[in-house]
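**Q** build me a model:
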Amino acid sequence: MGFAPSRARLIELWRYYQTGIVNTLFGLGVYALLVWLGLNMFVAQLVAHVMGVMFNYVSYSRHVFRDAAPAKLRFILSYAANYLLGLAMLATVSRVIANPYAAGLSAIMIVSVINYFALKHLVFSTPGQPRKG
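**A** Below is the predicted model:
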């Protein structure tokens, strides 16, 4: 018995990664700009993350999980946990990758996989209600 995702799930995953690319470019662009301006990479990550939370909420709720009931508080809590995970990942990756740009991109890529499941199952869902589409 194999795992065969539904067409709706595949479309949702496609939208998630399309939106994720835009969100990542936004967040990484802010991060890179702040590092380039001389900010410490951890401070730059915090500022980029806060700006990204606002940007990502709009993009994910309007493009990916548009049939679900979004929950702003759960989104904020999810991104607070996401930030801590990203910070830990950046600290870990920066021990192996000295370049702060490459370390930031690597941390984002790893954390994005976990973020999908958090958004899908904790933020953009309504307990007891079947999802549309």
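
**Q** what packs against the helix or strand containing Ala80?
**A** Per DSSP states H and E, Ala80 falls inside helix 72-96. When contacts are defined as 3 or more Cβ pairs under 8 Å, 6 or more residues apart in numbering; DSSP states H and E, helix 72-96 packs onto helix 41-59, helix 100-118. To be clear about C-beta, it is placed using only N, CA and C from the backbone, and glycine gets the same treatment.

**Q** quick one: closest of those to Leu85.
**A** helix 100-118 (5.5 Å; Cβ to Cβ).

**Q** pipe the helices and strands packed on helix 72-96 into TSV and attach mean neighbour count, distance to Pro5 and mean pLDDT per row.
**A** TSV is the format used below for the helices and strands packed on helix 72-96 (neighbours: other Cβ atoms under 10 Å; distance: least, Cβ to Cβ, whole Å; pLDDT from 0 to 100):
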stretch	mean neighbour count	distance to Pro5	mean pLDDT
helix 41-59	17	22	89
helix 100-118	17	13	86
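
**Q** looking at the ones you listed, which is closest to Arg7?
**A** Here helix 100-118 is closest among those (Cβ to Cβ), at 17.8 Å.

**Q** now do the closest one and helix 72-96, the angle between them.
**A** Computed by axes from the mean of the first three to the mean of the last three Cα atoms, to 10 degrees, the angle separating helix 100-118 from helix 72-96 equals 140 degrees.

**Q** show me where the chain dips below the pLDDT cut-off.
**A** Confidence mapping of the chain against pLDDT under 70 gives the ranges 1-4, 70, 126-133.
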